[in-house]
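Trainee: Could you look at this predicted model? Sequence included:
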Amino acid sequence: MSGRLPGTEAPLRVEPVSHLVGHIAVPGDKSVSHRAVLLAAIGEGETRISGFGRSDDTESTIRAVRELGVRVDEVDVDELVVHGVGLRGLEPPGRPIDCGNAGTLARLLAGMLAGQAGRRFELTGDASLSARPMRRVAEPLRRMGARVETEDGHLPMAIEGAALRGIEYELPVASAQVKSAILLAGLYADGVTTVVEPLPTRDHTELMLQAAGARVVRSARSVSVQPAERLRLGAVEVPGDVSSAAPFLVAATLLAGSELHVHGVGLNPRRTGLLDILDRMGARITAYNRRRIGGEPAGDLDVRHAELVSTDVGPDEVPLAVDELPLFALAAACAHGTSTLRGAAELRAKETDRIEAVVDGLRALGAHIRATRDGFRIRGVPARLRGGTVDSRGDHRIAMLGAVAGLVSREGVAIRGADAASVSFPGFFELLDSLRAASSAA
Ligand code: S3P
């Protein structure tokens, strides 16, 4: 097991900034990038992926498919050519496949491996991923006929592929990763596979499967996939990652005098929950140049500073903003009134317990926030946070939360384990620095 060791580097200081002005673009969407490589790997022929979001997590995906016998040419930093081996062409490497920190990789790949009849694979991950729940994928894959063993519901996970049967499965938790694992296994089943969702979650897998020629039928609360004979993607263009844009959107909203443009961002409505929440709080974020990038809704965003008011975020909104809820907490801490988040117990099963990490982190900077069983309660103060020290706990979203908090603070924030940002956004601090320099010159 490889392990990320949070806090072994000297803390990184993020000093306050008066305003943010300029134009930025963020790397390709992590969820879409993982899916593009994985589907291309089991596709026919070559798939050219452009706008690929290179990060520690997506590098784990490239490494994993290579281990499984798939050739991946890295044509450029953000451009790959994947030589698909076909649906049933994945070969066991004879040693465990290390998924690093990437939950999306571990869970989606499990679904694909379940269909490799007669072959046995093993998945491992770093310390954080090894603490995350895997029974949620193991159980439905077993029901489809695969032999799956976990270590008491966790990695390492051994998967023996089999002739699968189609099932109808009601997800106990709203999870796009689990939904995707079942749909991918469904490509190999003997009949229709249906996943019923308690709440809508991101639908990148469904969209990409359709683009690759799979027969996918969607209704309000369920998705069905037919067994497939072959997939062919051809080319995929990945839009910018709205989750990577989110720290900048929140910073510009909170800083008086800001005017920031973020270009080429994915605006799939199942990913833009934070924009809806901020809109309700009074933010001035406008989408323009709306278009499609690689079959996904996308556009450019114009963000101006705004005074925010409190809001309540309930369970329905959680899957649509799941990775951005730490940033919601920061926005709420700087808003007028008391905000709440409910129905977000899933945050406790992320790269770290994000309810505890957010509450401890923001409280140390002067915010009035307390944890509840399934969320938090925040009494906002419409002024700059004091500042202080935040520990990322090895979690990329918490490292970036600390950075935004530093920008909007009075005294700056020292981030322990800031390098965790590279899990989803390796150039995050460089982009922040160049935007700071451009803003002070503006
Ligand atoms: C993801 C789904 C979400 C999200 C994660 C990426 C995906 O996880 O938090 O960062 O790419 O499908 P869950 O499906 O576990 O909610």
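Mentor: Great, that's in hand. Here the structure is a predicted model, which means the values were calculated and not measured.
Trainee: okay, now Arg410: neighbour count?
Mentor: By other C-beta atoms under 10 Å, 12 other residues sit near Arg410. Every C-beta, even on glycine, is put in place using the N, C-alpha and C of the backbone.
Trainee: can you pull the contacts of the residue lying closest to it once chain neighbours are set aside?
Mentor: Counting by C-beta to C-beta, 6 or more residues apart in numbering, Arg384 is the residue found nearest to Arg410 once chain neighbours are left out, at 4.6 Å. By C-beta atoms under 8 Å, 6 or more residues apart in numbering, the contact list for Arg384 reads 16, 334, 408-410.
Trainee: Could you export stretch 281-293 as CSV, CA atoms only?
Mentor: This file holds the C-alpha atoms of stretch 281-293, laid out as CSV (Å, rounded to 0.1, in the frame of the first residue of the first chain):
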residue,chain,number,x,y,z
MET,A,281,-27.0,33.6,-1.8
GLY,A,282,-26.8,36.6,-4.1
ALA,A,283,-23.7,35.8,-6.1
ARG,A,284,-23.2,37.3,-9.6
ILE,A,285,-22.0,34.5,-11.7
THR,A,286,-23.1,34.5,-15.3
ALA,A,287,-22.6,31.8,-17.9
TYR,A,288,-22.1,32.9,-21.5
ASN,A,289,-20.9,31.4,-24.8
ARG,A,290,-22.9,28.3,-23.8
ARG,A,291,-21.9,25.4,-26.0
ARG,A,292,-21.2,21.7,-25.9
ILE,A,293,-17.7,20.4,-25.3
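Trainee: which outside residues touch that stretch?
Mentor: The contact list for stretch 281-293 (C-beta under 8 Å, 6+ apart) reads 51, 237-239, 249, 253, 264, 266-267, 275, 278-279, 297-311, 331-332, 335.
Trainee: And those, which of them are buried?
Mentor: Among the contacts of stretch 281-293, those scoring as buried are 51, 237-239, 249, 253, 264, 266-267, 275, 278, 297-303, 305-306, 308, 310-311, 331-332, 335 (criterion: 16 or more other C-beta atoms under 10 Å).
Trainee: As a check, name the ranges of all strands in the stretch 1-150 of the chain.
Mentor: Assigned by DSSP state E, counting those that start in this stretch, the stretch 1-150 of the chain shows strands spanning 12-14, 21-25, 46-50, 71-76, 79-83, 97-98, 120-124, 147-151.
Trainee: Restricted to buried residues, select the contacts of Arg384 in PyMOL.
Mentor: Selection of buried members from these for PyMOL, criterion 16+ other C-beta under 10 Å:
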select buried, resi 16+334+408+409
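Trainee: Out of the contacts of Arg384, which comes closest to Pro27?
Mentor: Of all the contacts of Arg384, Pro27 sits closest to Val408, with 23.1 Å by C-beta to C-beta.
Trainee: these two touch, right, that closest one and Thr253?
Mentor: No - if you go by C-beta atoms under 8 Å, Val408 and Thr253 don't touch, sitting 9.3 Å apart.
Trainee: Of the contacts of Arg384, which belong to strands?
Mentor: If you go by DSSP state E, these have nothing in strands.
Trainee: export the contacts of Arg384 to TSV and tack on distance to Gly257 and pLDDT?
Mentor: Compiled in TSV, the contacts of Arg384 are given as follows (distance: C-beta to C-beta, whole Å; pLDDT from 0 to 100):
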residue	distance to Gly257	pLDDT
Pro16	13	98
Cys334	15	98
Val408	13	98
Ser409	17	98
Arg410	17	98
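Trainee: hmm, which two among the contacts of Arg384 are most spread apart?
Mentor: By the measure C-beta to C-beta, Pro16 and Cys334 form the most distant pair in the contacts of Arg384, at 12.9 Å.
Trainee: Narrow the contacts of stretch 281-293 to those in helices?
Mentor: Within these, membership in helices is found for 249, 253, 275, 278-279, 331-332, as judged by DSSP state H.
Trainee: Wait, Gly125 touches Leu155, no?
Mentor: Yes - shown here, Gly125 and Leu155 form a contact pair, counting by C-beta under 8 Å, at 4.9 Å.
Trainee: Give me the common contacts of these two.
Mentor: Counting by C-beta under 8 Å, 6+ apart, the common neighbours of Gly125 and Leu155 are 99, 106.
Trainee: what about the two, which has more around it?
Mentor: Gly125 (28 against 23).
Trainee: For that one, give me its contacts.
Mentor: By C-beta under 8 Å, 6+ apart, the neighbours of Gly125 are 1, 98-102, 106, 155.
Trainee: Make a markdown table out of the residues you listed and add distance to the ligand and pLDDT.
Mentor: Shown next, in a markdown table, are the contacts of Gly125 (distance: C-beta to the nearest ligand atom, whole Å; pLDDT from 0 to 100):
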| residue | distance to the ligand | pLDDT |
| --- | --- | --- |
| Met1 | 21 | 28 |
| Asp98 | 19 | 98 |
| Cys99 | 13 | 98 |
| Gly100 | 14 | 98 |
| Asn101 | 11 | 98 |
| Ala102 | 9 | 98 |
| Ala106 | 10 | 98 |
| Leu155 | 14 | 98 |
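Trainee: Of all pairs in those residues, which one is the farthest apart?
Mentor: It's Met1 and Ala102 that sit farthest apart of the contacts of Gly125, by C-beta to C-beta, at 14.2 Å.
Trainee: Show me which of these two is the more surrounded one.
Mentor: Using other C-beta under 10 Å as the criterion, Met1 and Ala102 rank with Ala102 on top: 27 against 12.
Trainee: Identify each buried residue in the host helix or strand of Glu430, please.
Mentor: Secondary structure from DSSP states H and E places Glu430 in helix 428-441. Residues of helix 428-441 classed as buried by neighbour count (16+ other C-beta under 10 Å): 428-429, 431-432, 435-436, 439.
Trainee: from the stretch 1-150 of the chain, which residue is nearest to the ligand?
Mentor: Ser31 (3.3 Å; C-beta to the nearest ligand atom).
Trainee: Quick check: closest non-adjacent residue to that residue.
Mentor: Per C-beta to C-beta, 6+ apart, closest to Ser31 is His204, 5.2 Å.
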